[in-house]
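Asker: sequence and predicted structure, then a few things I'm wondering about:
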Amino acid sequence: MRRSLILLLSVLLVIGGVGGWFTTVAARDRGGAGHGSIEPDAVRPAAAGDNGDVANWYIVEVGKRADPGIVADRLTQSLGISVSHVYRHGFTGFAANIPPDKLAAVRAAKNVRSVDPDEPVQVDGAPGGSFEPCSDAGNVGSQNVPTGICRIQADKNSTAMIDGVDERVDADVAVVDTGIDQAAANWDLNARPGIDCTGGNDPMDDGDGHGTHVAGTIGALDNDHGVVGVAPGVRLWSVKVFDDAGRGSVRTVLCGLNWVLDQATNGVKMDVVNMSLSSPPKNRPIDDRHCGKRAHDDFQKGVCAVYKAGVTVVVAAGNYAADARFVRPAAYRQVIAVSALSDNDGTPANDRFASFSDYGKPIDLAAPGVDILSLKPPDNQPTGKMLQTLSGTSMAAPHVSGAAALYIAGHRGDGALTPAAVKQALRDHREQIKLRKDPDKRNEGVVNVNDGPPWGQTGKSRKSR
């Protein structure tokens, strides 16, 4: 009865034009099933071996009218190359291990547009310290409300409606990461299998734990145990691009992005992609302002394809304490790049810029990224032990992915929810605060999802990249 009255009041407020900034339409997923399951074999890659090994691995782009599978098969038969992934959506081509003496022949082959070296990609999280819950609103039973939830005021968002009652946010988020653990998902997530791009066949297996932690911050259920996420119960799709040792590369990430694009043809368009990952800094600015075409950046070509398909892409800034202009994918203007702040009480009182976080002009928003409590695989322990704290820009990014999911769920029907529009909305509503120890002294602001003004502030947005 209490929930019915709250929902009725919310509807009346929206009809009367008094609804919060973050919610203008019905945004909860009460059915739980959402769009339904999708066959995970739709873009099944071949075995890829050591996913972090990039020696003699290349990304081959084919011409627009060429079939990448046919080109790959022809070159496999004629030159003996080894193909791991074929990309058919957005970026069209394949990944292959090419011996040095065959490289020139591949580059000269018919329908081959470019051949670029693969590069390693890594997750941006590390073990954290202690944790104290920050809010009484959702501390029902043994459920914890992490400090990050309070810091961005998700506990004051009417779409999230954090109160210990399991009602689910109506949005789809692809978690491009190490996988999402099935046991943790059964316990506290609305997660489902996407694709395993590592050569395995189980996207719901997370031997590393990083992806499960990220998923929990985005959308852990609002119930009586575990933790609660920014967008509770949002549909989380496990897109596994790192193996159990946390090893990945551009070829595995492109496989994951290809799957995201493929799902639209199956009736499931992702609203948000979270990529808590990065590659080591280059010695030059990354973004060529032409979606990677001039710089031969296949990673950016894949991101641009997802962006042009209308999917909001949120990425970690990176943990190199470096200028993000030199770091992929944070440097790309098609993403929402998120730096990390240190917060120990869920309020702005003691905030500072995290010492490990990348910084600079590409950064769009900051979010909590130090000692973040979330889920972990059980490791043969009781379910009550499926919690851990991690630190990194990997932990900051999912706060913004959850915020994007809340905004999209609350504004369906308001017009085109383009990635640029979602980014601008989040930046318009950010908390304008100058974080102590920020190396560049720029005010990227802290993501905030309070229905009202963030921590009593308003603020103007700078122009999005």
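Answerer: Arrived safely, thanks for sending. Every value quoted in this text rests on a predicted model; they were computed, and no experiment measured them.

Asker: let me see the ranges of the helices in this structure.
Answerer: Taking DSSP state H as the test, the helices found in the chain are 2-15, 68-79, 103-108, 147-151, 182-188, 210-219, 250-265, 298-308, 393-410, 419-428.

Asker: may I see the buried residues of the second one?
Answerer: Of all the residues in helix 68-79, those buried under the rule 16 or more other Cβ atoms under 10 Å are P68, V71, A72, L75, L79. Yep, even glycine has a C-beta here, placed from its N, CA and C like the rest.

Asker: again with the fifth one
Answerer: Within helix 182-188, the residues that qualify as buried by neighbour count (16+ other Cβ under 10 Å) are Q182, A183, A184, A185, W187, D188.

Asker: which residues touch stretch 88-95?
Answerer: When contacts are taken as Cβ atoms under 8 Å, 6 or more residues apart in numbering, the neighbours of stretch 88-95 outside the stretch itself are 43, 48, 57-62, 64, 66, 68-69, 71-72, 83-87, 113, 118, 251, 254-255, 257-258, 261-262, 265, 298, 301-302, 304-306, 308-309.

Asker: related to what we said a few turns ago, now the helices of the chain as JSON lines including mean pLDDT and distance to S357?
Answerer: Shown next, in JSON lines, are those (pLDDT from 0 to 100; distance: least, Cβ to Cβ, whole Å):
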{"stretch": "helix 2-15", "mean pLDDT": "36", "distance to S357": "36"}
{"stretch": "helix 68-79", "mean pLDDT": "97", "distance to S357": "37"}
{"stretch": "helix 103-108", "mean pLDDT": "98", "distance to S357": "38"}
{"stretch": "helix 147-151", "mean pLDDT": "95", "distance to S357": "14"}
{"stretch": "helix 182-188", "mean pLDDT": "95", "distance to S357": "26"}
{"stretch": "helix 210-219", "mean pLDDT": "98", "distance to S357": "16"}
{"stretch": "helix 250-265", "mean pLDDT": "95", "distance to S357": "21"}
{"stretch": "helix 298-308", "mean pLDDT": "96", "distance to S357": "21"}
{"stretch": "helix 393-410", "mean pLDDT": "97", "distance to S357": "5"}
{"stretch": "helix 419-428", "mean pLDDT": "96", "distance to S357": "18"}
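
Asker: from the buried residues of helix 68-79, which is closest to A420?
Answerer: Distances from these to A420 were compared by Cβ to Cβ; the smallest belongs to P68, at 29.0 Å.

Asker: who touches that closest one in this structure?
Answerer: Contacts for P68 were tallied using Cβ under 8 Å, 6+ apart; they are V62, V86, Y87, R88, T92, G93, F94.

Asker: repeat that with 10 Å
Answerer: Residues touching P68, when contacts are defined by Cβ atoms under 10 Å, 6 or more residues apart in numbering, comprise 60-62, 83, 85-88, 91-94, 111.

Asker: name the weakest-confidence residue in those residues, if you would.
Answerer: Taking the contacts of P68 together, the minimum pLDDT is found at F91 (90).

Asker: and it, how far is that from N223?
Answerer: Taking Cβ to Cβ, to the nearest Å as the measure, F91 falls 39 Å from N223.

Asker: try A66
Answerer: For A66, the distance to N223 - Cβ to Cβ - is 50 Å.

Asker: the more surrounded of the two?
Answerer: Between A66 and N223, counted using other Cβ atoms under 10 Å, N223 has the larger neighbour count: 20 against 16.

Asker: and the spatially closest residue to L79 that is not a sequence neighbour, how many neighbours does it have?
Answerer: In this structure, L79 finds its nearest non-sequential neighbour in K102, 4.8 Å apart by Cβ to Cβ, 6 or more residues apart in numbering. Under the neighbour criterion other Cβ under 10 Å, K102 is assigned a count of 17.

Asker: quick one: contacts for K102?
Answerer: The contact partners of K102, taken as Cβ under 10 Å, 6+ apart, are N56, L75, S78, L79, G80, I81, A96.

Asker: what do you get for L257?
Answerer: By Cβ under 10 Å, 6+ apart, the residues touching L257 are 87, 89-91, 174, 176, 197, 239, 241, 273, 275, 299, 301-306, 309, 311, 313.

Asker: any idea of the mean pLDDT in stretch 376-384?
Answerer: In this model, stretch 376-384 has a mean pLDDT of 75.

Asker: give me the below-cutoff pLDDT ranges for the stretch 151-300 of the chain.
Answerer: Per-residue confidence for the stretch 151-300 of the chain (pLDDT under 70) gives no ranges below the cut-off.

Asker: for D202, which of the helices of the chain is the nearest?
Answerer: Between D202 and these, the shortest gap by Cβ to Cβ is with helix 182-188, which sits at 8.3 Å.

Asker: so how far is that closest one from its chain's centroid?
Answerer: Averaging C-alpha coordinates over helix 182-188 and over its chain gives two centres that are 19 Å apart (Cα atoms, centre = their mean, to the nearest Å).

Asker: with stretch 79-91 instead?
Answerer: Using Cα atoms, centre = their mean, we find the averaged C-alpha position of stretch 79-91 to lie 24 Å away from the chain's own average C-alpha position.

Asker: is it true that R442 touches G360?
Answerer: Yes - distance between R442 and G360: 7.4 Å, which falls inside the contact criterion (Cβ atoms under 10 Å).

Asker: hey, what's in contact with both of the two?
Answerer: Looking at what touches both R442 and G360 (by Cβ under 10 Å, 6+ apart), the common residues are S339.

Asker: pick out whichever of those two has more residues nearby.
Answerer: Neighbours of R442 and G360, each counted by other Cβ under 10 Å, are more numerous for G360; the result is 21 against 15.

Asker: which non-adjacent residue is nearest R284?
Answerer: Nearest in space to R284, with sequence neighbours left out and distances taken as Cβ to Cβ, 6+ apart, is F326 at 6.9 Å.

Asker: tell me, how many residues neighbour the one you found?
Answerer: For F326, the count of nearby residues is 20 (other Cβ under 10 Å).

Asker: and if you look at the one 3 residues further on?
Answerer: Counted with other Cβ under 10 Å, the burial measure for P329 works out to 28 neighbours.

Asker: and what of A316?
Answerer: A count of neighbours around A316, defined by other Cβ under 10 Å, yields 35.

Asker: quick one on the thing from earlier: from P68, how far off is the residue nearest to L79?
Answerer: Spatial separation of K102 from P68 under the definition Cβ to Cβ is 18 Å.

Asker: show me the contacts for the residue lying farthest from the centre of the chain.
Answerer: Distance from the C-alpha centroid of the chain, by Cα atoms, centre = their mean, peaks at S78 (39.0 Å). Taking Cβ under 10 Å, 6+ apart as the definition of contact, the neighbours of S78 are K102, A105, V106, A109.

Asker: could you do A349 as well?
Answerer: Contact partners of A349, counting by Cβ under 10 Å, 6+ apart, are D343.

Asker: so M204 is in contact with V239, correct?
Answerer: No - applying Cβ under 10 Å as the test, M204 and V239 come out as separate, 11.2 Å apart.
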